[in-house]
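# this is a predicted model, with the sequence first.
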Amino acid sequence: QVQLVESGGGLVQAGGSLRLSCAASGRSFSSYVNVIAWFRQAPGTEREFVAYINRSGGTTVYADSVKGRFTISRDNAENTVYLQMNSLKPADTAVYYCAATHYSVAYDAGDYRYWGQGTQVTVSS
């Protein structure tokens with residue numbers, strides 16, 4: 001089993017920054033998880049891939065919509081993955097979820113077995 005807990009969401013003005021955290025735990029974490037990703041979902045839309053990072057942190061991948069503005073990183077000593085979000089736009093408003101998978105490459109939500117509960121990010125104009 002793997003447990004994921006997100007934090008760091010909130011309300012911010014356009015152009016501002018937030019840092020999200022995803023704390024991972026569970027006895028299967030080290031053996032099962034290769035990639036941790038961030039997804040987001042706005043009301044009435046499908047869950048959208050944002051970024052992922054591999055086990056070592058040496059590989060990161062971003063959606064085009066956030067490239068150059070968001071940075072994903074991890075602290076393996078703390079089993080925590082971060083999403084630094086800069087130059088935020090109202091279109092970034094959504095519930096942000098972290099997710100874990102055993103795949104080494106995964107962009108689709110269906111490839112992720114474990115999910116956190118989500119954290120709300122609201123960007124005002």
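That came in fine, so what should we check first?
# do you know the pLDDT at the most centrally placed residue in the chain?
Centroid-nearest residue in the chain: residue 38, 2.1 Å away (criterion: C-alpha atoms, centre = their mean). Looking at residue 38, its pLDDT reads 98.
# can you pull the buried residues of the helix or strand bottoming out on mean pLDDT in the chain?
Lowest on mean pLDDT, DSSP states H and E among the helices and strands of the chain sits helix 29-32, with a mean of 84. When burial is assessed from 16 or more other C-beta atoms under 10 Å, helix 29-32 yields the following buried residues: residue 29. To be clear about C-beta, it is placed using only N, CA and C from the backbone, and glycine gets the same treatment.
# which SSE is immediately downstream of the helix or strand hosting the residue nearest to the centre of the chain?
Residue 38 belongs to strand 35-41 when assigned by DSSP states H and E. Later in the chain than strand 35-41, the nearest helix or strand by DSSP H and E is strand 48-54.
# for that following strand, give the mean pLDDT please.
In this model, strand 48-54 has an average pLDDT of 97.
# name every strand pairing with it and say which way it goes.
The pairing partners recorded for strand 48-54 under DSSP bridges are strand 35-41 (antiparallel), strand 60-62 (antiparallel).
# which parts of the shortest one are buried?
It refers to strand 60-62. So, applying 16+ other C-beta under 10 Å, buried residues of strand 60-62: 61, 62.
# ok now that strand, how far from the chain's centre?
11 Å (C-alpha atoms, centre = their mean, to the nearest Å).
# next SSE downstream of it?
strand 70-75.
# helices or strands up against that next one?
strand 48-54, strand 60-62, strand 80-85 (3 or more C-beta pairs under 8 Å, 6 or more residues apart in numbering; DSSP states H and E).
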